[in-house]
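Q: Mind folding the following:
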Amino acid sequence: MGSIDKHTASDATDDLHERSRKLVLRCYNTIASQQELSGVQVASYLMNWPDHYTSHKFENLFLIGIESYLEKALHEKRNSEVTTANSTTMDVSDTEENLNVKEVETDDFNEQFSIGQTNIPNNYALVNIRIDYQFRPSEIADMCLYDFVHTYHKKKVDKTDKTYFDNQAESKQSRPQIKRRGPQPNQRLKFKKNHPQYESHILIQRTGTVVPVLIGPQLPRKDREDTKERYARAILTLFLPWTSVDHLCQTDITWDQSLKL
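A: Residues are numbered from 1 along each chain as shown. Modelled structure (predicted):
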């Protein structure tokens, strides 16, 4: 009898939280729909001035595209294992956890690339943040994707960068030198050799504060049964260091189970 009362009280609390959330959302929508533009806002728009001022800079991160890449990699690995085992006991395409493949296989959610230059004249390569992160230097191997975007950005190698690496090589071969006064140069790191722009580009530590902005569908709520797989996949992708899907999820478990490990 006590368990029934406890369950009823829990349902009542959840219902109260949901009604409170809907009330706040309704109030926000009402206020937003009745907002008026001031003269200052109109003048700023006509003069093409910024619509806000902030101490932070923002960097876009197309998370759903990276999730799509990882989901497809996991899907292919599961299919490969089933084929190797010559077993029909598991139809990977019909498992609940792989419904996410259908979710991300659209033109809007597919991984996006940009065309980047290499050190070879008239030679270009397809690159994006996911490739930069996967082939990041060993010095930051334990850094998650969110911190990677927050801390470093890619740039083309110039004379200053070459001088920096030459000085680093000399300091390793000689005795430790006294630290120079004044501002120190930002840390520079080379990609792994498998990176398509290994010879032409490097990673450099950002000077200011940068906040990653997730582009695409918003992160789902973790308390919903129908979106828990997408939530777990997104959290693991963002905050667990990885270079392949093997570091995030194994073939015999779901994303949600992997998050709880």
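Q: C-alpha from now on. contacts and neighbour counts both.
A: OK.
Q: is it true that residue 243 touches residue 134?
A: Yes: counting by C-alpha atoms under 8 Å, residue 243 touches residue 134, with 4.7 Å between them.
Q: Name the SS class of residue 148, please.
A: Under DSSP: H, G, I helix; E, B strand; the rest coil, residue 148 falls in the helix class.
Q: Residue 69 and residue 134, how far apart?
A: 12 Å (C-alpha to C-alpha, to the nearest Å).
Q: What segments of the stretch 51-200 of the chain are strands?
A: Using DSSP state E, counting those that start in this stretch, the strands of the stretch 51-200 of the chain run over 57-61, 114-117, 124-127, 152-156, 188-190.
Q: elements contacting the last one?
A: Right, strand 188-190. helix 159-173, strand 201-205 (3 or more C-alpha pairs under 8 Å, 6 or more residues apart in numbering; DSSP states H and E).
Q: Determine which of these approaches residue 150 most closely.
A: strand 201-205 (9.3 Å; C-alpha to C-alpha).
Q: Which strands or helices does the closest one pack on?
A: Partner elements for strand 201-205 (3+ C-alpha pairs under 8 Å, 6+ apart): strand 152-156, strand 188-190.
Q: List the buried residues in stretch 66-82.
A: 66-75, 77-79, 82 (16 or more other C-alpha atoms under 10 Å).
Q: Count the residues that sit near residue 151.
A: By other C-alpha atoms under 10 Å, the residues close to residue 151 number 19.
Q: Please apply the same query to residue 192.
A: Residue 192 has 17 nearby residues by other C-alpha under 10 Å.
Q: What's the mean pLDDT across stretch 18-37?
A: Per-residue pLDDT over stretch 18-37 has a mean of 86.
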